[in-house]
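In: Structure for the following, please:
(one chain, ligands or ions: 1)
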Amino acid sequence: MLSRTPEEVAAHAGAAPGLTVLDAGITECFACPRLVTWRAEVAVTKRASFRDQTYWGRPLPGFGPADAEIAILGLAPAAHGGNRTGRIFTGDRSGDVLFAALHRAGLANQPTSVSADDGLALTHTRIFAAVRCAPPDNKPLPVERDSCAPWLHREVTLIRPTLRVVVALGAFAWAAWWPVLKQVYALKAPVPRPVFTHGAHVSVPGGPDLLGCYHVSQQNTFTGRLTPVMLDEVFSRAKGLAGLA
Ligand code: SF4
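Out: Residues are numbered from 1 along each chain as shown. This next block holds a predicted model:
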């Protein structure tokens, strides 16, 4: 089920009856020429420290159980993290911080995420990104965000029966949530749109709660803008809102 155009993305995503088919369809997507070129180029040139590894070099599906109450919405895979290992937030410092926090919160069975076959399992939590391919400089173009949106919308639709709270990692993910609210829940976003801040909480009746959290990027965690304590607070709130506390 190759997707070569935004129209094919929309058709294939909309027709996916479950996460298994959706996940497979995402990995066979070639709809964004710039990102297709970039993900493949990175997979060939590699980072020196990973030169003996075979990079995934493709889009990334979500990770976590289909009956998750908590969703973590990121921006896009990292060039030498998820784009290398084939699993979101796996094999880079962002993932180190995120999965350590999920483990402390009791939502992951181990604190590290180094490879797709390392035994990591999440409970109550599914992680996915607004854009499924690694972008240059971690900056997807608006057209790429829009082309990829049907994968996100379908994923949320499929986990909607259990989903209670969404943690948006950063302003890009926060902004990507409003179209989901409309497309998946037929709900209007608040006007004016709530501004992204760390700790922001938006509750729209009929939809899951939305929590803002600074992205787990090295830029934020190395500088202390986002600390483990702050992450623990976010996931504690998420569990409470999801009825898991
Ligand atoms: S970013 Fe999304 S729509 Fe674009 S090629 Fe990757 S998976 Fe397909």
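In: tell me how far the longest helix anywhere in the chain is from the chain's mean position?
Out: Longest helix of the chain, by residue count under DSSP state H: helix 142-159. The chain centre lies 11 Å from the centre of helix 142-159; the measure is Cα atoms, centre = their mean, to the nearest Å.
In: Same question for stretch 161-168.
Out: Distance, stretch centre to chain centre, for stretch 161-168: 12 Å (Cα atoms, centre = their mean).
In: do stretch 44-53 as well
Out: 24 Å.
In: which of the residues in that stretch are buried?
Out: Lys46 (16 or more other Cβ atoms under 10 Å). Heads up, the C-betas are built off the backbone N, CA and C, glycines and all.
In: distance of the most far-flung residue of the chain relative to its centre from Arg154?
Out: Farthest-out residue of the chain from its mean C-alpha position, per Cα atoms, centre = their mean: Asp52, at 27.1 Å. According to Cβ to Cβ, to the nearest Å, Asp52 stands 36 Å off from Arg154.
In: repeat for Ala13
Out: As judged by Cβ to Cβ, Ala13 and Arg154 stand 4 Å apart.
In: okay, and the common contacts of the two?
Out: Leu22 (Cβ atoms under 8 Å, 6 or more residues apart in numbering).
In: Was I right to think Ala245 contacts Val165?
Out: No. Ala245 sits out of contact with Val165 when judged by Cβ atoms under 8 Å, with a separation of 11.3 Å.
In: of these two, who's got more company?
Out: More crowded of Ala245 and Val165, by other Cβ atoms under 10 Å: Val165, with 24 against 9.
In: Tell me what that one is bridged to.
Out: Beta-bridge pairing of Val165 under DSSP bridges involves Ile70, Asp209.
In: from memory it sits against Gly207, does it?
Out: No. With contact defined as Cβ under 8 Å, Val165 does not reach Gly207; the gap is 10.2 Å.
In: how about the nearest residue to Leu2, chain neighbours excluded?
Out: Glu28 (5.1 Å; Cβ to Cβ, 6 or more residues apart in numbering).
In: same check, this time on Gln219
Out: Spatial nearest neighbour of Gln219, excluding adjacent residues (Cβ to Cβ, 6+ apart): Arg225 at 7.7 Å.
In: Kindly state the pLDDT recorded for the one you found?
Out: We have a pLDDT of 98 for Arg225.
In: Ok, the one 3 residues further on next?
Out: The pLDDT attached to Pro228 in the predicted structure is 98.
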